[in-house]
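Asker: Need coordinates for the following:
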Amino acid sequence: MTETKPDQVDAIAEQWRRERPDLDLEAMAIVGRLWRLMAVAQQAIESVFTAHGLQRGEFDVLAALRRSGAPFQLNPSVLADTLMLSRAGMTGRLDRLESAGLVRRIADATDRRAVRVALTDEGRELVDTVVTAHTRNETRILSVLSAQDRRDLDRIARRLLASLEGRD
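Answerer: Just a heads-up that it's a prediction; the model follows:
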């Protein structure tokens, strides 16, 4: 294991140790580093979307449509549920993406009162380009870790997430 220099989390923990030596600070330090890690990683991840003229949420919509498979269409409510977003929030994203020519709203063939959201050819081309850049970027972010470290991190993250979500 490669040792790293003390960081800001160490400085905060040391201040707490000085002021409250009775506290067990191991969990605070780990969670603090996870919090900081996600903030820094989020900036690196969102830079890819920005470079392609998208916001993270807009990419999420395009990606959900692309992952759905041909004909790359979903009901707006299904999209909102998939992305854990309010209906109003989804409408705003869809309006921006439709204005950009990346999606279109079409009448549902089985229910004339309903609408489906479909990727345009331009939207499909863009999401394919961006998801390629996105996965390369995430691979780059994790490249400092060995293959075993990545497997261990995935296993640990899954376990913590399952516990927090009540699935353990």
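
Asker: Tell me how far whatever helix or strand residue 61 lives in lies from the chain's centre.
Answerer: Taking DSSP states H and E as the criterion, residue 61 maps to helix 56-67. Averaged C-alpha coordinates place helix 56-67 at 10 Å from its chain's average position (CA atoms, centre = their mean, to the nearest Å).

Asker: repeat for stretch 15-35
Answerer: Chain-centre distance of stretch 15-35: 27 Å, with CA atoms, centre = their mean.

Asker: List of residues touching that stretch?
Answerer: Identification of contacts with stretch 15-35 by CB atoms under 8 Å, 6 or more residues apart in numbering yields 7, 9-10, 12-13. Using the backbone N, CA and C atoms, a C-beta is placed for each residue, glycine as well.

Asker: Could you rerun that using 10 Å?
Answerer: Residues from elsewhere that reach stretch 15-35, judged by CB atoms under 10 Å, 6 or more residues apart in numbering: 7-10, 12-14, 157, 160.

Asker: one step back: okay, now the sheet partners of the helix or strand following the helix holding residue 61, with direction.
Answerer: Moving toward the C-terminus from helix 56-67, the first helix or strand encountered (DSSP H and E) is strand 73-74. Strand 73-74 has the following sheet partners, assigned by DSSP bridges: strand 115-119 (antiparallel).
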